[in-house]
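Undergrad: Any chance you can model this:
(one chain, ligands or ions: 1)
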Amino acid sequence: MPYAHITGWGMSAPESVLTNDDISKMVETSDAWIRERTGIRERHIARDDQFPSTLAVEASIKALKVANLHPRDLDLIICSTSSPEHIFPATACLIQDQLGATKAGAFDLLAACTGFIYAMNMGAQAIRSGSIKSALIIGTETLSRFINWKDRNTCILFGDGAGVLVLQASEQPGGVLSSVLHSDGSGGDLLTLGRGSSRYPASESAILDGKHYIEMDGKEIFRFATRIMVSATHEVLAGAGLTLDQVQWIIPHQANIRIIEAAARGLKLPMERFIVNVEHYGNTSAASIPIAMVEALEKGQIKPGERIVMVGFGAGLTWGALAAEWTGPIPSKGHVRPERYRLFARLRSLVRRALRFIEGLFYRREL
Ligand code: UT7
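TA: From the prediction side, this is the model:
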């Protein structure tokens, strides 16, 4: 049975940075309060012309370059996002087209901030079963578009960005070792975004009711998060037949430093064993775990042969964890340059649109 290895990684964050001081000019809050209660100093906010697919494509190109994998050799693209560009088409399909991943299946996965763990599980299972050889696992968000900048309860928390990992099949033991996925829809009302849905179709009243913004019961989410971080970590380790001592790094969902500190206390681990970057990105939802992992890999913090646990929670409610052994990049021949392929991908997309148009003309004549 093949193993699913992490062979490529990349991230992207919009250049524009919004500091706590900037936010304190919009709502009654302060840098000191936000830092003390959340650990966040700043977050990145997408420009009007940056979308989840834009950020994801930038991150994917970096990840494919590291993996030395050509976009046309990808079998599957899973895009976890809570801020899809449309209800349909899937953001994953927009990314597939922009990358020129000609033979890849592509779909979106919505499990809120736990989405990346769900997506890693799905991609790894497909590789372990032998049905595919490679998958691009994406977490990408522009949640800033759904924030009420007058609500100090939520506007201080979220940021935009994308993180991507490449999974590839290999006979060498390692890679994704185990994962656990959970949900509890009875807590669905604790964190919601209703806009443009079948429950709240776009309408004047939906806008007046503020249904196009994120609404959150922060205290309840906080209590739920501190409970599950510890239990999910223990559960995933039991599934992999590992103890906490055999794991070097915990990569938690970056929502609030106090939630991470509570998890560290619950697991009786020092904070040094946690990968933390919430200070500079805020909560980037499905992108938070991969962005933290990519930064740690790029800094050389995570070393080949080390084991990691990703653990996260989010709206739904959903939560989960994934244990993996990172064996380092797989040696391969030649140099794939996916960034150079982008122009070809764009041309290919245009040609396909033109052919579809011409085909449509003939079809209409036949009728
Ligand atoms: O991916 C999952 C996404 N969501 C989360 O992870 C959210 C989890 N929850 C949290 O991170 C925290 O609950 C918050 C950061 C949202 C709030 O922190 P808290 O320590 O739970 O604050 P609180 O809601 O208990 O509010 C304490 C006080 C209140 O004032 P009073 O009633 O004690 O006078 C709030 O009105 O702080 C006030 N407050 C603020 N003050 C300044 C709430 N938000 C702010 C603010 N600035 N931004």
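Undergrad: Could I get the buried residue list for the worst-scoring helix or strand of the chain on mean pLDDT?
TA: Comparing helices and strands within the chain by mean pLDDT, DSSP states H and E singles out helix 204-208 as the least confident, with a mean of 77. Judged by neighbour count using 16 or more other C-beta atoms under 10 Å, the buried positions of helix 204-208 are A206. C-beta here means a position set from N, CA and C on the backbone, and glycine is covered the same way.
Undergrad: swap in stretch 250-268?
TA: Under the neighbour-count rule (16+ other C-beta under 10 Å), stretch 250-268 has 250-257, 259-260, 262-264, 267 buried.
Undergrad: Now pLDDT, distance to W326 and secondary structure too, for these, in CSV please.
TA: Supplementary listing: the buried residues of stretch 250-268 in CSV, determined by pLDDT from 0 to 100; distance: C-beta to C-beta, whole Å; DSSP: H, G, I helix; E, B strand; the rest coil:
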residue, pLDDT, distance to W326, secondary structure
I250, 98, 14, strand
I251, 98, 11, strand
P252, 98, 17, strand
H253, 98, 19, coil
Q254, 98, 19, coil
A255, 97, 24, coil
N256, 98, 26, coil
I257, 98, 24, helix
I259, 98, 24, helix
I260, 98, 21, helix
A262, 97, 26, helix
A263, 97, 21, helix
A264, 98, 21, helix
L267, 97, 20, helix
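Undergrad: What is the nearest of those residues to L165?
TA: Taking C-beta to C-beta as the measure, L165 sits nearest to I251 out of the buried residues of stretch 250-268, at 11.2 Å.
Undergrad: Show me what that closest one is bridged to.
TA: Under DSSP bridges, the beta-bridge partners of I251 are M310.
Undergrad: contact partners of stretch 191-198?
TA: Among residues not part of stretch 191-198, those counted as contacts by C-beta atoms under 8 Å, 6 or more residues apart in numbering are 82, 87, 112, 146, 200, 202, 206, 211-217, 221, 314-315, 317.
Undergrad: Just the buried residues of the residues you listed.
TA: Buried residues within those, counting neighbours by 16+ other C-beta under 10 Å: 82, 112, 146, 200, 206, 211-216, 221, 314-315, 317.
Undergrad: among those residues, which are in strands?
TA: Secondary structure of the buried ones among the contacts of stretch 191-198 is defined by DSSP state E; positions in strands are E215, M216, G314.
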